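Asker: Here's a sequence, model it:
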Amino acid sequence: MRSKKDQKIYDKTKAFLIKNQEDDIEKKMKAIDEILAVEDKKERYSYLYDLICDYLDNEFQTKNICGFHDGLCKRRCDMIEKNIKKDTYLNGCCHSYRHNRTCEHLDKEKGCQIKNIGCKTFTCHFLKKQGFHYSLDKIYLAKYFFNARQKFYIENTFFVDKDVIMDGILKRG
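Answerer: I've put the predicted structure just below:
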């Protein structure tokens with residue numbers, strides 16, 4: 001038997017999926033059932049966090065959104081082709097302009113080695129112009145499970161491991 005809060009999450013998520021005419025609603029609702037079956041708050045958030053990271057990784061890989069080639073993303077390749085010299089750092093969004101450093105979790109051969117939703121939802125202006133924008137309010141797995149403070153924190157915390165983010169999520173819950 002679900003709590004009232006869990007039932008509300010279930011119902012709102014189903015309505016959201018129907019409204020947006022999503023594919024595989026039954027499969028997605030089964031995932032929601034699995035999340036709701038986890039009773040421990042920390043374990044639930046951890047499981048949910050992993051599912052969202054896997055979803056975003058799949059989105060970027062199957063759609064080849066960044067289109068890396070020789071360490072350069074589509075945006076930087078486009079800038080080089082147009083002979084624009086500024087902003088041509090290697091490693092795309094894994095490079096921090098503000099701190100002039102590349103994320104230490106980026107492996108040159110294997111790519112990103114951490115689960116960080118903030119990094120995974122971030123898209124540069126170049127990609128946004130092409131219609132690629134990810135927000136926890138648009139991802140069915142996250143829309144009703146996290147509150148506004150948690151979503152803001154998750155989407156704006158970059159280059160840190162899941163454990164750090166999980167502590168922040170719990171503090172804001």
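Asker: Then residue 144 would be within a helix, right?
Answerer: No: Residue 144: not assigned to a helix; according to DSSP: H, G, I helix; E, B strand; the rest coil it is coil.
Asker: What is the subsequent helix or strand relative to the lowest-mean-pLDDT helix or strand in the chain?
Answerer: Between all helices and strands in the chain, the lowest mean by mean pLDDT, DSSP states H and E belongs to helix 74-81, at a mean of 60. Counting by DSSP states H and E, the next helix or strand C-terminal to helix 74-81 is strand 95-96.
Asker: And that following strand, how far out from the chain middle?
Answerer: Its chain's C-alpha centre and that of strand 95-96 lie 17 Å apart, by C-alpha atoms, centre = their mean, to the nearest Å.
Asker: now swap in stretch 4-17 and tell me
Answerer: Relative to the centre of its chain, stretch 4-17 is centred 21 Å away, using C-alpha atoms, centre = their mean.
Asker: again, but for stretch 56-66
Answerer: 11 Å.
Asker: Stretch 147-164 too?
Answerer: 10 Å.
Asker: List the buried residues for the longest helix anywhere in the chain?
Answerer: Longest helix of the chain, by residue count under DSSP state H: helix 41-62. Across helix 41-62, burial judged by 16 or more other C-beta atoms under 10 Å covers 44, 45, 46, 47, 48, 49, 51, 52, 53, 55, 56, 60. C-beta coordinates here come from the backbone N, C-alpha and C atoms, glycine included.
Asker: Show residues contacting it.
Answerer: Residues from elsewhere that reach helix 41-62, judged by C-beta atoms under 8 Å, 6 or more residues apart in numbering: 31, 34-36, 38, 65-66, 115-117, 120-121, 134, 136, 139, 141-142, 145, 162, 165-166, 169-170, 173.
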